[in-house]
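Asker: Test case, fold it:
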Amino acid sequence: MKTIGQIAELFNLPISTLRYYDKEGLFPDLQRKAGIRHFGEPEIEALRVIECLKKSGMEIKDIKRFMEWCKLGSQTYPQRKALFDQQEIAVKTEIDRLEQALAMIKFKQWYYEQALRDGHEERLATVIPQDLPAEIKSYYALSHPE
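Answerer: Residues are numbered from 1 along each chain as shown. From the prediction side, this is the model:
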């Protein structure tokens, strides 16, 4: 068993976040001794899932629904699977968006490297996508979808 402070340190979370999760019912079987929360392996595993889902963009209300489904047992497997299927799509969409942003950053790094080398942007103003170096074309194409 671990205290809330130990869990906060382990997961690099503020204690207030853990208290909030508890208040929201995300740790339904959390044990308390003399008013002190004690986290066991089930809560630690739940927190791993909660943090994963949060990082993937899921809202607390949806995470709470997932945790409630878990308590209901195997009859909620279809709902849980569907939830993760939806979240996979959301994460892949976000990855695509971030890859486009990264491509623009890579293109602009190249662009300003050239401008620094030339001391101006005049030559770059006349460069067309087909004339870009091969390694930059892919960044340009991703960052300038038509």
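
Asker: Would you double-check that residue 38 falls in a helix?
Answerer: No: Residue 38: not assigned to a helix; according to DSSP: H, G, I helix; E, B strand; the rest coil it is strand.

Asker: distance of the residue nearest to it when sequence neighbours are not counted from residue 33?
Answerer: Once flanking residues are discounted, residue 38 sits nearest to residue 1: 4.3 Å by C-beta to C-beta, 6 or more residues apart in numbering. The C-beta positions use only the backbone N, C-alpha and C, and glycine is treated the same way. Remark: distance between residue 1 and residue 33 (C-beta to C-beta, to the nearest Å) = 9 Å.

Asker: next one: residue 11
Answerer: 21 Å.

Asker: Looking at residue 1 and residue 33, which is more packed in?
Answerer: Counted by other C-beta atoms under 10 Å, residue 1 and residue 33 do not tie: residue 1 has more neighbours, with 12 against 9.

Asker: Do I have it right that the more buried one meets residue 42?
Answerer: No: between residue 1 and residue 42 there is no contact under C-beta atoms under 8 Å: 11.0 Å.

Asker: show me what contacts the nearest residue to residue 10 once chain neighbours are set aside?
Answerer: Using C-beta to C-beta, 6+ apart and skipping the chain neighbours, the partner closest in space to residue 10 is residue 2 (7.1 Å). The contact partners of residue 2, taken as C-beta atoms under 8 Å, 6 or more residues apart in numbering, are 10, 38-40, 44.

Asker: and the spatially most central residue of the chain, how far is that from residue 35?
Answerer: Residue closest to the mean C-alpha point of the chain, counted by C-alpha atoms, centre = their mean, is residue 55 at 3.2 Å. Look at residue 55 and residue 35: by C-beta to C-beta, they are 31 Å apart.
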